[in-house]
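Visitor: Predicted model and sequence below, questions to follow.
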Amino acid sequence: MTAADDIGIRAVQEFLGKDALPDRIRCGSNNEQYVLIEEPEFGTAVSHLAANKFVLISLFCCEDFSAKAAQTLFYVFERRTSILVLVRDINGRATTIAGIYPSASWFERECRDGFGIEFEGAFDTRRLFLHETYPEGFHPLKKSFRNAPIVTRDAVNPADEYPFREVKGEGVYQIPVGPVHAGIIEPGHFRFSVIGETIFNLECRMFYKHRGIEKLAEGKSPEDCIGISQEVSGDESVANATAFCMAVEQISHMPVPERAWYLRTILLELERVCSHLGDQAGMLVDVAFPLGASQFSVLREECFRENDRLTGSRFLRGMVSLGGMNRDLSRAQLDELDAFVHQLRNRYKIGLKIVLSTASVIDRFATTGVIRPALLRPLNITGPSARASGGKVDVRINHPYGIYDRFAPHLQRLRDGDVLSRFTIKASEIMDSLDLIERLIAAIPEGEIRVGAPICDGYTLTLVESARGQNLCWVWIRAGVIERYKVRTASFGNWLAIEHAVQGNIVPDFPVINKSMNLSYAGTDL
Amino acid sequence: MVNALTCLLKKKVTEDIPVQDDEVEAIGREIKTAIDGVFSRSLAIRELDTGSDNTTEIEINNLNNPFYDVERFGITFVASPRHADVLLVTGAVTHNMAIAARKTYDAMPSPKFVVAVGDDACTGGIFAGTYAVLGGADKIFPVDLKIPGNPPTPVQILAGLLVLMKKVQ
């Protein structure tokens, strides 16, 4: 694609003028366009992009990126196949864009906690990933802070407690839930404002599991960082490791053998099948239908065991590496996987038939937890949740990586946006992934699985479609080590959707709505 | 009218168990004997995630799937720490979870036991010595047993619980 065809470049030309461009624009190795933006132009540029239906998919900060400023903000926009990155130099202060892009609010609060940047005009200035016990003025992502244990407060005064949005009125009461939940799940706090049984408002408070992933990666060699990328969110290990390795490979112009990409793609799709099976089982547990849930949880356990047989890890860890794969799969293993996929599909169909012919399940699923299509763009909702609400978003199709241009999945799409749609979309995606795995096994070429090459300096942005949606990764290598590793998983955007999806539903339906969206706490909290 | 004899004699509506894990069965039988003796047939477990990467939760959840189905051995996962004998802790203890984790432990009635599941909960794992975590679970409460692994498999977790039962006996 030439620059003139790129809708991102066209949009920039519209607000900056055609002459200004060449020296201020740089095309990244993943076809993302970096545009250096001056402060006076910034406001018009963002409004223009918003008017042209660009979605803000990430916003992050870097220190020492530009010689002219202390910090640099990267605003990553996406529309269809183009990615546009506005590069904005700042010195500790910036104007907010949360009024135009609501999803920017979490990103800006993240930059504020990490780097101490003040966003003028922001409607929400509460801390995000640093909770009350962290000391004031502590900004861990600053280069001046060396990663070491710090002292936090043991207790929080009632006056310093996190102020939740308050809904007042006759008959409105609050239900606080979490961070420790009743089930075996991750921690997060949900504050419901309820009238009778109906949810009037929900506010999610996350980041209880903030482990400092981004800071941990700094100064590490890219090789050591693969393990960190797998810890971001365990059931997306392959997706995050692939996104990270892809970034380093593109920066270093490292060739990846064809066979390695086939293997990676097989693992990526296996991971998706595992994740979706777990969701579907969980959704059925949440509507008290154990007969159906068992069907899927049995298949999922078999998937885990197949993963273990293939890779030695039930979560497919330790396979993806820089420049290819750590280990090959033998012909016998691939044939065995082929047979496994075949029988899995048949048994899955039986389970699905049981579920979809049970009226009580359909009754609970239909019209529950609707995500309106109008929310998709402002909140950057991606993955099966978006596709169940009519969204045409799938990284494998919009920004094909590896061999997905030749092995494109069928875009699954429904319009109702309720729990039933998400369940059905996931069912179609499982079938599609199983087909894809069979096609890949049939077509996989012989050859090398890894080619070594030296690490070069540079930066790039990569996108991968995990089971939950669009995972973004931005890597900057300086002097051979990681200078900045920014990771934004699909859940970061999708968490905002649940606050809207539950409105008007009854509190007992919250678990099934939550499960149908399959949000990762670890992947959000980092 | 339904004939009682027909009900008894007709073909049973059931399926064969797809996989019989001898290892799980053997550990399960031993655990059941121990639980019967020490905890009057029922061991109540509360799971607490203090900052894991979510794989350990998935594996603990898997203990309830039909392959393991640990409830038949007398193990139940309970919704409140007030009902629990054992706290299964997963993940390094983050600063953001420290207060909630302490409250959870304090809410448990004595005698209580804590088991750290996974490398991160045992030692802090790759997060040890960083700004965001305190370290392993033993930084905030006494830990009776550590089950290493990244993550440990359901069988390893079950085997760990058996070790705890023996220790308690």
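Guide: Yep, that arrived. Residues are numbered from 1 along each chain as shown, chains lettered A, B, ... in the order given.
Visitor: Please count neighbours and contacts with C-alpha atoms only from this point.
Guide: Noted.
Visitor: got the residues of chain A near chain B?
Guide: Within chain A, the positions adjacent to chain B are A:130-131, A:133-134, A:140, A:147-150, A:152, A:154-155, A:179-187, A:207-212, A:216, A:231-235, A:294, A:297-298, A:301, A:315, A:522-523 by CA under 8 Å from any CA of the partner chain.
Visitor: Wait, A:Val481 touches A:Asp224, no?
Guide: No. Using CA atoms under 8 Å, A:Val481 is not in contact with A:Asp224; the gap is 9.8 Å.
Visitor: the more surrounded of the two?
Guide: A:Val481 (20 against 13; other CA atoms under 10 Å in any protein chain shown).
Visitor: Tell me which helix or strand the single nearest residue of the stretch 401-526 of chain A relative to chain B sits in.
Guide: Taking CA to the nearest CA as the measure, the stretch 401-526 of chain A has A:Ala522 as its residue closest to chain B, at 5.5 Å. Here A:Ala522 sits within helix A:521-525, counting by DSSP states H and E.
Visitor: which outside residues touch the helix or strand that contains B:Ile99?
Guide: Using DSSP H and E, B:Ile99 maps to helix B:95-107. Residues from elsewhere that reach helix B:95-107, judged by CA atoms under 8 Å, 6 or more residues apart in numbering or on different chains: A:130-131, A:133-134, A:152, A:154-155, A:179-180, A:207-210, B:48, B:50-51, B:81-82, B:87, B:132-134, B:140-141.
Visitor: which ones are touching A:Ala408?
Guide: By CA under 8 Å, 6+ apart, the neighbours of A:Ala408 are A:Arg396, A:Ile397, A:Pro400.
Visitor: Most neighbours of all the residues you listed, which one?
Guide: The residue in the contacts of A:Ala408 with the most neighbours, by other CA under 10 Å, is A:Arg396 (22 neighbours).
Visitor: looking at it, that residue is touching A:Thr462, isn't it?
Guide: No. The criterion here is CA under 8 Å, and A:Arg396 misses it with A:Thr462 at 11.9 Å.
Visitor: ok so, going back, distance from the helix holding A:Ala522 to the middle of the chain?
Guide: 9 Å (CA atoms, centre = their mean, to the nearest Å).
Visitor: for the record, mean pLDDT for that helix?
Guide: Averaged over helix A:521-525, pLDDT sits at 91.
Visitor: do stretch B:88-97 as well
Guide: Average pLDDT, stretch B:88-97: 93.
Visitor: Can I get that stretch in CSV? Just the C-alpha atoms.
Guide: C-alpha atoms of stretch B:88-97 as CSV (Å, rounded to 0.1, in the frame of the first residue of the first chain):
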residue,chain,number,x,y,z
LEU,B,88,-5.3,-21.2,48.6
VAL,B,89,-3.2,-18.1,47.7
THR,B,90,-2.2,-17.5,44.1
GLY,B,91,0.1,-14.8,42.7
ALA,B,92,2.6,-12.5,44.2
VAL,B,93,1.1,-10.2,46.8
THR,B,94,0.6,-6.8,45.2
HIS,B,95,0.5,-3.6,47.2
ASN,B,96,-3.0,-3.0,45.9
MET,B,97,-4.2,-6.4,47.2
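Visitor: hmm, back to that, other SSEs contacting the helix holding A:Ala522?
Guide: If you count contacts as 3 or more CA pairs under 8 Å, 6 or more residues apart in numbering or on different chains; DSSP states H and E, helix A:521-525 packs onto helix A:490-501.
Visitor: Can you tell me what sits against the helix it packs on?
Guide: In contact with helix A:490-501 (CA under 8 Å, 6+ apart) are residues A:103, A:201-204, A:369-372, A:375, A:379-383, A:385, A:466, A:468-472, A:513-514, A:517, A:519-521, A:523-524.
Visitor: Which is the succeeding secondary structure element to it?
Guide: Once the chain leaves helix A:490-501, the next helix or strand it forms, by DSSP H and E, is helix A:510-517.
Visitor: buried stuff in that next one?
Guide: By 16 or more other CA atoms under 10 Å in any protein chain shown, the buried positions in helix A:510-517 come out as A:Phe510, A:Val512, A:Ile513, A:Asn514, A:Lys515, A:Ser516, A:Met517.
Visitor: ok, residues contacting that helix?
Guide: With CA under 8 Å, 6+ apart, helix A:510-517 has contacts from A:279-280, A:282-284, A:286-287, A:368-369, A:384-385, A:419, A:422-423, A:494, A:498, A:501-502.
Visitor: So which of those are in strands?
Guide: Among those, the subset assigned to strands under DSSP state E is empty.
Visitor: Just the ones of the residues you listed in helices?
Guide: A:279-280, A:282-284, A:286, A:384-385, A:419, A:422-423, A:494, A:498, A:501 (DSSP state H).
Visitor: Would you format those residues as CSV with distance to B:Gly74 included?
Guide: Conversion of the ones in helices among the contacts of helix A:510-517 to CSV gives the following (distance: CA to CA, whole Å):
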residue, distance to B:Gly74
A:Asp279, 26
A:Gln280, 27
A:Gly282, 23
A:Met283, 25
A:Leu284, 24
A:Asp286, 23
A:Pro384, 38
A:Ser385, 38
A:Val419, 34
A:Arg422, 35
A:Phe423, 33
A:Asn494, 38
A:Ile498, 36
A:Ala501, 38
